[in-house]
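**Student:** Below are the sequence and a predicted model for it; my questions follow.
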Amino acid sequence: MKQTLFTVALILGSFSLSAQMAPEETEWYAPVPPKVAPGKTPGAAPSDAIILFNGKDLSQWKGEKGDAPWVIRNGELTVMPGKGSIMTRRHFGDVQLHIEFRSPAPEKHNGQNRGNSGIFLQSKYEVQVLDGDNNATYVNGMVGSIYKQQAPLANAYTRNGEWQVYDIYWRAPRFGTDDKLESPAIITVVLNGILVQNNVELKGHTTYTGYPAYTPHGRLPLMLQDHGTEVAYRNIWIREL
């Protein structure tokens, strides 16, 4: 009974304090958020975005050794199997990333061998790129997954041969001065307008074998994976957050 009366008193006191406050006491006017102009069409880059691929050149990218070895065909950036992955020349932390991909013809390939590539945030954390058109595989390795860590909430892939659109929101992990993890990486992923990863905390870098673990790092490049198939990419832009 005493606890109930105490709780009621606190509530009434709170209401009384709010009634005595002026509205201006809970308003602030600085810092003013910067003005950002949206893209003029769906998927177009906003005014503050860094254009990573505009269909014309690979100036923002490099290969594992030297210049980026992938090819541009009809404004599309295509993986050259066996030539290695590519990465941005710039390093990034927290970002909003827009990227579109198209799977090659499936031929007789299935599972992880069909249209496989990967988008590696900070070169360590993979959002899976894979043909998702009637292509069975382990669910934490299908399109939309955080590779080997989190299956997607839905299979939002449309059809083989059609462009697929990823919008990725990334909060990088934080490490202390003693290299201990202070907060894990957090990711939200939208595929073709459908939420497939909702504010997921990563357990560490994504790995094919073994369990994930963190190793301390700072800002790192975005990497696109060569996994042996001619996946095409276009309209790649990024915003630093």
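**Tutor:** Yep, that arrived.
**Student:** what's the nearest residue to the residue nearest the centre of the chain if we skip its chain neighbours?
**Tutor:** Closest to where the C-alpha atoms of the chain average out (CA atoms, centre = their mean) is Ile168, at 3.2 Å. Excluding its sequence neighbours, the residue lying closest to Ile168 (CB to CB, 6 or more residues apart in numbering) is Leu97, at 4.3 Å. (Glycine included, C-beta is placed from N, CA and C.)
**Student:** Kindly report the same for Leu224.
**Tutor:** Ile86 (5.4 Å).
**Student:** Does Phe53 touch Tyr233 like I think?
**Tutor:** Yes: between Phe53 and Tyr233 there is a contact under CB atoms under 8 Å: 6.6 Å.
**Student:** So for these two, which residue has more residues nearby?
**Tutor:** Phe53 (25 against 22; other CB atoms under 10 Å).
**Student:** which residues touch that one?
**Tutor:** Gln60, Trp61, Leu77, Tyr233, Arg234, Asn235, Ile236 (CB atoms under 8 Å, 6 or more residues apart in numbering).
**Student:** got a list of contacts for the helix or strand containing Val200?
**Tutor:** Using DSSP states H and E, Val200 falls within strand 194-201. The contact list for strand 194-201, computed with CB under 8 Å, 6+ apart, reads 127, 144, 146, 149-150, 152-154, 156, 184-190.
**Student:** Pull out the buried members of those residues.
**Tutor:** By neighbour count, with 16 or more other CB atoms under 10 Å, the contacts of strand 194-201 hold 127, 144, 146, 149-150, 152, 156, 184-190 as buried.
**Student:** what about the chain, any weak spots by pLDDT?
**Tutor:** For the chain, the stretches flagged by pLDDT under 70 are 1-18.
**Student:** Isn't the residue nearest to the centre of the chain up against Glu100?
**Tutor:** No: in this structure, Ile168 is not within contact of Glu100 by CB under 8 Å, at 11.8 Å.
**Student:** re earlier: so can I have JSON lines of the contacts of Phe53 showing distance to Gly218?
**Tutor:** Converted to JSON lines, the contacts of Phe53 look like this (distance: CB to CB, whole Å):
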{"residue": "Gln60", "distance to Gly218": "20"}
{"residue": "Trp61", "distance to Gly218": "20"}
{"residue": "Leu77", "distance to Gly218": "27"}
{"residue": "Tyr233", "distance to Gly218": "26"}
{"residue": "Arg234", "distance to Gly218": "29"}
{"residue": "Asn235", "distance to Gly218": "28"}
{"residue": "Ile236", "distance to Gly218": "22"}
